[in-house]
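S.K.: my questions are about this predicted structure, shown below with the sequence.
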Amino acid sequence: MILNTRRCDGKFWDLVKKYPIPPRVLEVIQLFGLYGVYRSHRPMIDRSLITSLVERWRPETHTFHFRTGEATITLQDVEVLYGLPVNGHPVLGNELIRTIGDWQNICQRLLGFTPCPQDFNHNSLKVSALNAHMLRQPQLTDMATQDMVNQKARCYMFWMIAGMMMADTSGSFLKLMYLPMLEDVNAIGSYSWGSATLACLYRFLCKSSQSNQNEIAGFLPLLQIWAWERVTVLRPQVIAQRDIRNIFPADLPKGPHATRWFARFSWTDTTKHVLKVFRDALDSMTEDQFIWEPYSDELIESLPDYCRIGRDIWCVRAPIFCWDVVEVHLPDRVMRQFGLKQMIPTPFLFDSTHFHHDRRGRPNTNWELEHAQWLPFWNQRLQYICEAPINREPLRYGDPYLIWFRRITRLVIGNPTLCPQQQQGYVPNSTAYETMVRYIHSMVDKAKSLGDQPSMEDFYIFRAMVRNEEERCLTYVHEADRINVQANYRRDDVQADHLHHPIRRRGKGGVAGRRARAAERGQVPVEMDEAVLEDYQATGDIGSTSRSHTQEFTPGMTYQPTNSEIVPYMTPQISRDPSLSSLENVFGNYRPQHFENVPNFTSSPVPMSMEILDVMTNLEDSNIEIEGNELDDSNNEVDGNDPENASGGGEPSVKKKRTIFPKFCGTGSHQLNQHVIKKTTKGNKDTVATKRRSKE
């Protein structure tokens with residue numbers, strides 16, 4: 001299913017759109033390192049795109065497994081895209097047990113307002129309470145003190161941290177455990193907010209990748225923009241950048257790299273909100289459709305200083321923290337993202353079910369002591385920098401890393417060994433392609449193993465293998481009908497006289513002219529007698545004409561087969577050659593383009609002769625059967641005593657057409673036999689009522 005994306009920043013962006021953050025407050029936010037989040041704005045999250053990426057996430061390696069190899073979001077992406085500081089103290093603290101009164105005092109001291117008791121839910125604060133406070137005082141006065149500016153800045157930063165960067169699945173509450181970390185203004189910028197944001201995103205990716213999960217949280221704009229930067233088949237086309245002159249003052253620093261996606265998009269070449277298409281695009285992704293280095297050296301140098309200040313630890317292999325969350329940053333598995341040669345990575349001893357451990361039921365916990373075994377790796381992170389030779393060439397299919405990678409992972413989400421119909425909601429193009437490639441690959445390997453001079457036994461074994469594998473392949477892609485048909489995909493030359501169907505003209509030349517044209521087309525025997533021609537002139541349908549009978553079929557009539565004279569069956573397109581084992585005998589030199597799967601007929605597909613059926617004089621109705629005496633003489637019914645059918649001792653003449661029409665009522669709105677139905681129904685009701693009275 002498509003995952004639900006849980007965020008609580010909608011009201012934040014509505015607020016700053018109506019009341020932009022004052023310049024004095026922006027200076028404080030910039031000093032604390034969260035300026036890039038506000039400057040980048042919020043993209044429209046595509047839940048289907050997020051779901052397709054989650055399906056390829058592996059909790060054991062913290063990487064996405066694509067056909068081209070492993071890839072993941074690194075500290076480089078966090079700092080380049082959003083300018084969040086990655087080099088600093090871990091975001092940890094002591095989660096003390098506090099009452100609602102304690103939290104009210106902290107909010108009054110740090111945020112400048114006191115929420116109501118009903119605005120709290122354990123250790124969380126309602127978003128609506130903070131939003132109401134911001135709307136009451138949207139702007140600062142010129143006489144505002146620095147403490148008031150800091151309080152306003154804490155409100156924005158607390159909302160950005162707890163509602164965007166480290167949002168949980170609650171959707172309408174902000175965790176208050178981050179608020180005490182904003183008390184010391186001088187220490188706020190010393191934390192590694194970028195690594196904490198990445199740790200939370202890793203945690204929710206690990207959780208949502210399980211089959212029993214239906215929602216995801218975390219900093220989802222980072223995940224989506226990361227995919228747009230690297231996967232070309234997923235990104236939209238940027239038409240024009242949005243005008244930000246009225247939002248951000250000109251004297252503020254330039255925004256991070258993610259601001260280029262604050263623009264107007266076009267979706268002519270890519271799709272959006274279609275999970276099946278995203279799955280198939282990632283399953284069939286080629287090497288040139290994934291950009292390993294979207295940030296060139298020139299691009300990085302053109303960014304503001306706060307977007308590259310922590311580049312020394314972009315390749316650090318160490319754990320990252322965010323209170324109860326501990327995840328591992330493993331750049332050695334994605335060295336191609338840094339322009340380095342990719343080697344087979346060494347495993348990291350980490351619990352594959354680590355995401356099951358959280359802060360639920362763990363009150364009064366000092367998380368610095370809880371993670372004491374992992375903290376030395378982060379504190380000494382400069383000793384765990386991954387290094388490799390520079391190599392920006394694409395890997396070949398036979399590279400040792402790719403051979404190892406194909407052995408330990410799945411290339412496609414859909415299982416190629418199963419039928420695509422058993423995978424609901426999935427486009428089977430990639431799985432069918434992968435199946436055919438595997439079959440062809442196995443046959444090529446077998447042919448290479450036979451050598452140049454195989455024995456006759458090996459040759460027959462290989463022949464059987466080719467036949468069986470190809471039949472299975474055609475069955476898998478639903479083309480099994482082609483097995484018994486000779487493969488001939490050459491288009492025959494189309495003759496000029498077969499480009500259009502012959503035009504049937506009426507009323508020209510009289511009986512003789514129609515007879516001559518019918519003989520030329522091969523539709524009418526030349527030896528037809530005058531009686532048949534008269535009937536042919538009246539009906540215009542040679543398919544229902546015999547030497548001694550003509551009938552006109554009308555709706556409501558039934559017919560029964562009788563003994564009649566056999567006449568040759570004629571059709572304008574099929575020749576009378578009894579052998580129709582090839583399409584040329586059916587269509588001549590003209591062969592339709594979409595007539596590839598026609599089986600070879602060993603006999604004629606249509607009978608060479610047919611019996612002309614006689615017509616009964618009864619009228620069949622679905623509700624009631626009408627007898628012959630209920631029909632009016634106006635229907636021109638002819639019986640055997642009609643004097644016109646008797647001849648003076650000579651041969652009987654051809655019978656006239658007998659057409660039966662049901663009689664209509666005087667109003668002309670319904671048939672006469674419907675009165676019989678009504679009378680019968682009314683009589684049945686009267687009979688039932690009489691029986692009931694007799695019983696009483």
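M.R.: Received, thanks.
S.K.: where along the stretch 101-250 of the chain do the strands fall?
M.R.: 120-121, 124-126, 173-175, 215-216, 237-241 (DSSP state E, counting those that start in this stretch).
S.K.: show residues contacting the first one.
M.R.: Okay, so that is strand 120-121. The set of residues external to strand 120-121 that reach it, using C-beta atoms under 8 Å, 6 or more residues apart in numbering, is 100, 103, 126, 173. Heads up, the C-betas are built off the backbone N, CA and C, glycines and all.
S.K.: tabulate those (a markdown table), appending neighbour count, pLDDT and distance to residue 165.
M.R.: What follows is these, written out as a markdown table (neighbours: other C-beta atoms under 10 Å; pLDDT from 0 to 100; distance: C-beta to C-beta, whole Å):
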| residue | neighbour count | pLDDT | distance to residue 165 |
| --- | --- | --- | --- |
| 100 | 15 | 91 | 26 |
| 103 | 21 | 93 | 21 |
| 126 | 19 | 93 | 19 |
| 173 | 22 | 91 | 15 |
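S.K.: which of those residues sits closest to residue 231?
M.R.: The shortest distance between residue 231 and any of those, using C-beta to C-beta, involves residue 173 and amounts to 33.3 Å.
S.K.: who's that closest one bridged to?
M.R.: Each beta-bridge partner of residue 173 is listed here: residue 126, as defined by DSSP bridges.
S.K.: using PDB, list the CA coordinates for stretch 136-156.
M.R.: What follows is stretch 136-156, C-alpha atoms only, in PDB (Å, rounded to 0.1, in the frame of the first residue of the first chain):
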ATOM      1  CA  ARG A 136      -1.400  36.500  18.600                       C
ATOM      2  CA  GLN A 137       2.000  38.200  18.200                       C
ATOM      3  CA  PRO A 138       3.000  37.700  14.500                       C
ATOM      4  CA  GLN A 139       5.400  40.600  14.400                       C
ATOM      5  CA  LEU A 140       7.900  42.200  16.700                       C
ATOM      6  CA  THR A 141       7.900  45.800  17.600                       C
ATOM      7  CA  ASP A 142      10.900  48.100  17.200                       C
ATOM      8  CA  MET A 143      11.200  48.300  21.000                       C
ATOM      9  CA  ALA A 144      11.500  44.500  21.400                       C
ATOM     10  CA  THR A 145      14.300  43.400  23.600                       C
ATOM     11  CA  GLN A 146      16.900  40.700  22.700                       C
ATOM     12  CA  ASP A 147      15.200  38.200  25.100                       C
ATOM     13  CA  MET A 148      11.900  38.700  23.200                       C
ATOM     14  CA  VAL A 149      13.700  38.100  19.900                       C
ATOM     15  CA  ASN A 150      15.300  34.900  21.300                       C
ATOM     16  CA  GLN A 151      11.900  33.700  22.500                       C
ATOM     17  CA  LYS A 152      10.400  34.300  19.100                       C
ATOM     18  CA  ALA A 153      13.300  32.500  17.400                       C
ATOM     19  CA  ARG A 154      13.000  29.600  19.800                       C
ATOM     20  CA  CYS A 155       9.300  29.200  18.800                       C
ATOM     21  CA  TYR A 156      10.200  29.000  15.100                       C
END
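S.K.: other residues contacting that stretch?
M.R.: Residues from elsewhere that reach stretch 136-156, judged by C-beta under 8 Å, 6+ apart: 15, 18-19, 21-22, 24-25, 28-29, 32, 38, 110-112, 130, 133-134, 179, 182, 185.
S.K.: and these, which are buried?
M.R.: Applying a neighbour-count criterion of 16 or more other C-beta atoms under 10 Å, the buried members of these are 15, 21-22, 24-25, 28-29, 32, 38, 110-112, 130, 133-134, 179, 182.
S.K.: narrow the contacts of stretch 136-156 to those in helices?
M.R.: The members of those that map onto helices under DSSP state H are 15, 18, 24-25, 28-29, 32, 38, 110, 130, 133-134, 185.
S.K.: and the furthest pair within the residues you listed?
M.R.: By the measure C-beta to C-beta, 18 and 185 form the most distant pair in the ones in helices among the contacts of stretch 136-156, at 27.1 Å.
S.K.: what are the ranges of the strands in the stretch 251-400 of the chain?
M.R.: 263-266, 318-322, 325-329, 365-366.
S.K.: pLDDT below threshold where in the protein?
M.R.: Under the criterion of pLDDT under 70, the regions of the chain flagged as low confidence span 243-250, 414-431, 477-478, 482, 485-696.
S.K.: repeat that with 80
M.R.: 7-8, 171, 242-252, 269, 348-362, 413-439, 473-696 (pLDDT under 80).
S.K.: if we can go back for a sec, kindly reformat the strands of the stretch 251-400 of the chain as a markdown table and extend each row with distance to residue 198.
M.R.: Below are the strands of the stretch 251-400 of the chain laid out as a markdown table (distance: least, C-beta to C-beta, whole Å):
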| stretch | distance to residue 198 |
| --- | --- |
| strand 263-266 | 25 |
| strand 318-322 | 6 |
| strand 325-329 | 7 |
| strand 365-366 | 22 |
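S.K.: which one of these lies nearest to residue 450?
M.R.: strand 325-329 (47.6 Å).
S.K.: run through who's touching the closest one.
M.R.: Outside of strand 325-329, the residues within contact range by C-beta under 8 Å, 6+ apart are 62, 74-75, 195, 198-200, 202-203, 206, 316-320, 348, 350, 354, 358, 371, 374.
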